[in-house]
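Asker: Could you work out the structure for the sequence below:
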Amino acid sequence: MAMRVGFAEADITPPVGTHKIGWIVDIVSEQVLDPLYARAAVIESGGETIGFVQLDLLCILAEDVAEIRRRIAEAFGVGGERVMVSATHNHAGPAVASLGDATRDEPYVRALIDNCVRVFGRAMENLREARIGFGRCCEFGVSHNRRVIMRDGTVRTHGSFADPDALCLEGPIDPEVAVTAARDDGGRLLGAIVNFACHPTHHGPGGLLSAGYPGALAGEMKRRGVPVTLFLNGASGNLSTSDPATGGTDHSMEEVAGILAEDVGDVLKDMEMRDSVRLGAKSRTLALPFREATDDQVRGTARGAQRFVDPASYDRHMPALLRYIRERGTEPAEVQVLDLAEYAYVAVPAEYFVQHGLRIKEQAYPRRPLVVSCANGILGYVPHAEAFRRGGYETTFCAWSKLAPKAGDLLADAAIEMLRA
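Answerer: Residues are numbered from 1 along each chain as shown. Okay, here's the model as predicted:
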């Protein structure tokens, strides 16, 4: 049976006046800088089907993923465990969840779910006999570990080495730019999937609606002859385009898109195409423990605590968070693996620290996993265990950082076990 691949995209730009998410405070949009999209890719090979839905949004809630999958399965016969729904973690989009003082925009989300099902259906309609290829390169000029270890052993997120107490960066980056692409029988590119790890925070604090650098990358790739480019963000919870080593110098989203587009173009030039690949899908849902929060953590006075933007917002929402933890007991989290031959896309529903992503890649060898964060739900930040001993923004107790220190390793262990199976 010949392999078939289909891509599609649909505009999901909200209207001006929509409330934004991603900056803790409530921000009302005033202008659309560039459009936001939902993009889909469907791959059929050997009687198996897998699919991807990528959104130019901060996150997607697990209950919304469940509804998208239910409707896709009902309409197109592709089971939910075979469909990955991920957000690029773009900080300049609409409020698809309640976060800090931003309140979820229910009408927008209802329309979003319709658009996700619709764009998946268009990808199914666009299925063509195709060959598929895989490639990668490394990029060290875009992503930077944003956590600076200080002389007292704490961490400052977005710290500066102009501070005489700054010692070193806490950890690595993941430089891998991984590309999956499909060409039709005539050699024409049908679309591509790009996996790279870095926070997209451009235009988060202002009134602009934007898709950030992932959207700019898709636009640049379209100008270079790739009709649809899905961007699947890697384990980027502690990675940023802002470089602490140079005083916080940054690239614009257009500059980031240009750098990554050059990388992807170079990969595409040397990519060997395959007539078929073995596909598979696995999924496991874990019950993750919450943090046992001390009084200092609740007040934001714990060692190394770092509250951003509006510290008072943390206090306003703390009673609801403590009630949520008490009533829930544990937090469900799905880990999904979509297999493509020796490659695999590993979906983790979190702002996952790069240390976890690299551990999955190393310990699953000779498999070649590609970690996708903010996929199939959102748990907030999931740092590595050492980070909790040092503090910093990402470990400071709040609604978007509430899980126990071992949660990240539990997610990684589940992924590695499925990859080895």
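
Asker: Strands along the stretch 1-150 of the chain, start to end?
Answerer: 4-11, 19-20, 27-28, 31-32, 37-45, 48-55, 83-87, 128-138, 144-145, 147-150 (DSSP state E, counting those that start in this stretch).

Asker: how about JSON lines for those strands, with mean pLDDT, distance to Gly212 and mean neighbour count added?
Answerer: Placement of C-beta: from N, CA and C, glycine included. Output for those, formatted as JSON lines (pLDDT from 0 to 100; distance: least, CB to CB, whole Å; neighbours: other CB atoms under 10 Å):
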{"stretch": "strand 4-11", "mean pLDDT": "98", "distance to Gly212": "16", "mean neighbour count": "21"}
{"stretch": "strand 19-20", "mean pLDDT": "97", "distance to Gly212": "12", "mean neighbour count": "22"}
{"stretch": "strand 27-28", "mean pLDDT": "96", "distance to Gly212": "15", "mean neighbour count": "16"}
{"stretch": "strand 31-32", "mean pLDDT": "98", "distance to Gly212": "13", "mean neighbour count": "13"}
{"stretch": "strand 37-45", "mean pLDDT": "98", "distance to Gly212": "12", "mean neighbour count": "26"}
{"stretch": "strand 48-55", "mean pLDDT": "98", "distance to Gly212": "12", "mean neighbour count": "24"}
{"stretch": "strand 83-87", "mean pLDDT": "98", "distance to Gly212": "11", "mean neighbour count": "27"}
{"stretch": "strand 128-138", "mean pLDDT": "98", "distance to Gly212": "22", "mean neighbour count": "18"}
{"stretch": "strand 144-145", "mean pLDDT": "98", "distance to Gly212": "16", "mean neighbour count": "22"}
{"stretch": "strand 147-150", "mean pLDDT": "98", "distance to Gly212": "21", "mean neighbour count": "22"}
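
Asker: So, low pLDDT: which residues of this protein?
Answerer: Within the chain, the ranges that satisfy pLDDT under 70 run 1.

Asker: pull the longest helix from it.
Answerer: In the chain, assigned by DSSP state H, the helix with the most residues is helix 106-125.

Asker: Run the angle between it and strand 4-11 for me.
Answerer: 150 degrees (axes from the mean of the first three to the mean of the last three CA atoms, to 10 degrees).

Asker: How about Gln297, nearest residue that isn't a chain neighbour?
Answerer: Nearest residue to Gln297 in three dimensions, chain neighbours excluded: Phe397, at 4.0 Å (CB to CB, 6 or more residues apart in numbering).

Asker: What's the separation between that neighbour and Val117?
Answerer: According to CB to CB, to the nearest Å, Phe397 stands 37 Å off from Val117.

Asker: Check Met84 too.
Answerer: According to CB to CB, Met84 stands 15 Å off from Val117.

Asker: For the longest helix of the chain, name the packing helices and strands.
Answerer: Helices and strands touching helix 106-125, by 3 or more CB pairs under 8 Å, 6 or more residues apart in numbering; DSSP states H and E, are strand 4-11, strand 37-45, strand 48-55, helix 62-76.

Asker: ranges for the helices of the stretch 101-250 of the chain?
Answerer: Assignment of helices within the stretch 101-250 of the chain using DSSP state H, counting those that start in this stretch yields the ranges 106-125, 212-223.

Asker: What are the buried residues along the longest one?
Answerer: Residues of helix 106-125 classed as buried under the neighbour-count rule (16 or more other CB atoms under 10 Å) are 108-109, 112-113, 115-124.

Asker: before we move on, what about stretch 74-90?
Answerer: Residues of stretch 74-90 classed as buried: 76, 78, 80-90 (neighbour count, 16+ other CB under 10 Å).
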